[in-house]
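>>> got a sequence here, can you build the structure:
(one chain, ligands or ions: 1)
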Amino acid sequence: MVLAQLGGSLSRALARMTSATVVDEKVLGDCLNEITRALLQADVQFDMVRDMQASVKRAVDLGALAAGTDKRRVIKKAVFDELCNMLDAGKPAFAPKKGKPCVVMFVGLQGSGKTTTCMKYAHYHQKIGFKPALVCADTFRAGAFDQLKQNATKIMVPFYGSYMESDPVKIAVEGVERFRKENCDLIIVDTSGRHKQEASLFEEMRQVSEATKPDLVIFVMDSSIGQAAFAQAQAFRQSVPVGAVIVTKMDGHAKGGGALSAVAATKSPVIFIGTGEHKDELEDFDVRPFVGRLLGMGDLPGLLNKARQVVPTDQQPDLMKRLMEGNFTLRLMYEQFQNLGKIGSIGQIFSMLPGFSSELMPQGHEKQGEAKIKRYMTMMDSMTDAELDSADPKLMKESRIVRIARGSGRPVKDVLDMLEEYKRLAKMWSNVIKRLRKSNKGNTNAQQISKSLPPELLTQIGGIGGLRSLLNQTVSKEMGGGDR
Ligand SMILES: Nc1nc2c(ncn2[C@@H]2O[C@H](COP(=O)(O)OP(=O)(O)OP(=O)(O)O)[C@@H](O)[C@H]2O)c(=O)[nH]1
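Predicted coordinates for the structure are as follows:
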């Protein structure tokens, strides 16, 4: 999980506060001190941390809270809101629209991950139906065109560049013209980087920008610079009209929190974060869900949204219905494991589930997690239909466990491990459903959930009324009652 260390410290601080017998000024103070330490360690600027602490204190006046108020909830909400404020640039970025040609120009220092990010950005949009193309206007670094060409070929996106031409403006203009004619709706122009913010770099950027008139200029920066991101982002903003920022290498740096908050302070919206070298390792950046995940509160709408991108449309209503019924069978777990690989990395998905601390899937452990899931699936391949479709753990008697172990060539211990994991996930899912119910007001819930569902799925479920009744049925089951 991105920022696992920071997320772990923040959620620990909140958990300690939540488990205190009495929440008083001391407990609040200790919680805020822990949060402050964690943010400073992530290289968030001192003034920002101090302001955040003061704002939480102002929002949580323990003495003035009416009797019976849930103080823990008030504190959590204040921390959540203030972290969101810290990361919010306050304005949305331009978003390309399918079928409407647009030019997006990438700028940044050398080595920031610009070229890799151009490729990931093209791939991201290609997956959701855009027709992207890549133009290499980097004539400064020998090998830049080859790198872009390789990247473009990998994702099967058309590219344009030249080994001979040394004028980046000419290449950029030719590339944009060519791809406009070919009806590409997302023309991505990769520009040169330099080791430092030099006048020549800025001048070249300005010329390419003037000649291609981009709809959006994306500034790419490496998260390892932490709060120094403020000065770098400002310098680029003063030279070209930066409309959005992508912060890369969030997978490897403890200073990512500092970089994100510093960029937000320049009022440039961060739209994606880079979380690895591969084509799929680009995550949407949305402040509230991001903070929710950081604090271990999950991001269910985000997860549903991702799931909807990979679950075949005709299977969505059925999956939704089965999930909402709370009937979490081994087959359901198997199918979800199959979908996982398509959705994203395991750490990313787990962090979207409420109640999962980012530390449960620390950096470097994701590969182990993936191998484990493959093992689980091999064992489930040796199960009978009855075993896969039962939600009754008592069915799994010793003889069945031994048979599955033998059939899959795994030790019995592995089968037991897998069944334990199943029970844990089933319980967790049942808790999620309970929580959805408990956060009560079926109406609000249904409305909230409906916003994250694709319209066609909502229609198939029977609109908001159908969703509400699904939720009610689920709830009745959970409470052991019949339909209401
Ligand atoms: N771990 C990690 N590595 C990344 C990420 N993004 C890029 N990289 C790596 O960072 C290095 C530099 O990336 P490039 O895309 O070549 O950087 P660039 O900014 O285009 O560099 P120039 O073309 O020289 O200006 C490469 O090894 C990339 O694989 C990321 O999000 N995470």
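>>> CA only for contacts and neighbour counts going forward, please
Fine.
>>> any low-confidence regions in this structure?
Low-confidence segments of the chain (pLDDT under 70): 1-2, 197, 298-317, 319-320, 323-326, 339-369, 432, 435-463, 466-484.
>>> in three-state terms, label residue 371 for me.
Three-state secondary structure (criterion: DSSP: H, G, I helix; E, B strand; the rest coil) places residue 371 in helix.
>>> and what of residue 383?
What three-state DSSP gives for residue 383 is coil.
>>> and the closest residue in space to it that isn't next to it in sequence, how many neighbours does it have?
Take residue 383 and drop its neighbours on the chain: the residue closest to it by CA to CA, 6 or more residues apart in numbering is residue 404, 6.3 Å away. Burial of residue 404, expressed as a neighbour count using other CA atoms under 10 Å, amounts to 22.
>>> who touches residue 404 in this structure?
Listed by CA atoms under 8 Å, 6 or more residues apart in numbering, the contact partners of residue 404 are 379-380, 382-383, 415.
>>> ok, 7 Å please
By CA atoms under 7 Å, 6 or more residues apart in numbering, the contact list for residue 404 reads 379, 382-383.
>>> for those, which one is nearest residue 99?
Within those, distances to residue 99 taken as CA to CA reach their minimum at residue 379, with 45.2 Å.
>>> which SSE is the closest one in?
Here residue 379 sits within helix 366-381, counting by DSSP states H and E.
>>> other SSEs contacting that helix?
With contacts taken as 3 or more CA pairs under 7 Å, 6 or more residues apart in numbering; DSSP states H and E, helix 366-381 sits against helix 346-350, helix 398-408.
>>> state the distance from the residue nearest to residue 383 to the ligand.
Using CA to the nearest ligand atom, to the nearest Å, one obtains 39 Å as the distance from residue 404 to the ligand.
>>> ChimeraX command for the buried members of the contacts of residue 404?
Per 16 or more other CA atoms under 10 Å, the buried members of these correspond to this ChimeraX selection:
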select :379,382,383
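>>> would you turn the contacts of residue 404 into TSV with distance to residue 292?
Written out in TSV, the entries for these read as follows (distance: CA to CA, whole Å):
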residue	distance to residue 292
379	34
382	38
383	37
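>>> present the contacts of residue 404 as JSON lines; the columns should include distance to the ligand.
Converted to JSON lines, the contacts of residue 404 look like this (distance: CA to the nearest ligand atom, whole Å):
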{"residue": "379", "distance to the ligand": "33"}
{"residue": "382", "distance to the ligand": "37"}
{"residue": "383", "distance to the ligand": "39"}
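>>> on that earlier part again, report the angle between the helix holding residue 379 and helix 398-408.
Helix 366-381 and helix 398-408 are oriented at 110 degrees to each other (axes from the mean of the first three to the mean of the last three CA atoms, to 10 degrees).
>>> pull out the buried residues from helix 366-381.
Buried residues in helix 366-381, counted by 16+ other CA under 10 Å: 366, 370, 373, 375-380.
>>> does the nearest residue to residue 426 once chain neighbours are set aside count as helix, strand or coil?
Ranked by CA to CA, 6+ apart and with sequence neighbours excluded, the top spatial neighbour of residue 426 is residue 328, at 5.5 Å. Reducing the assignment at residue 328 to three states with three-state DSSP gives coil.
>>> in this structure residue 328 contacts residue 425, no?
No - using CA atoms under 7 Å as the test, residue 328 is too far from residue 425 to be in contact (8.3 Å).
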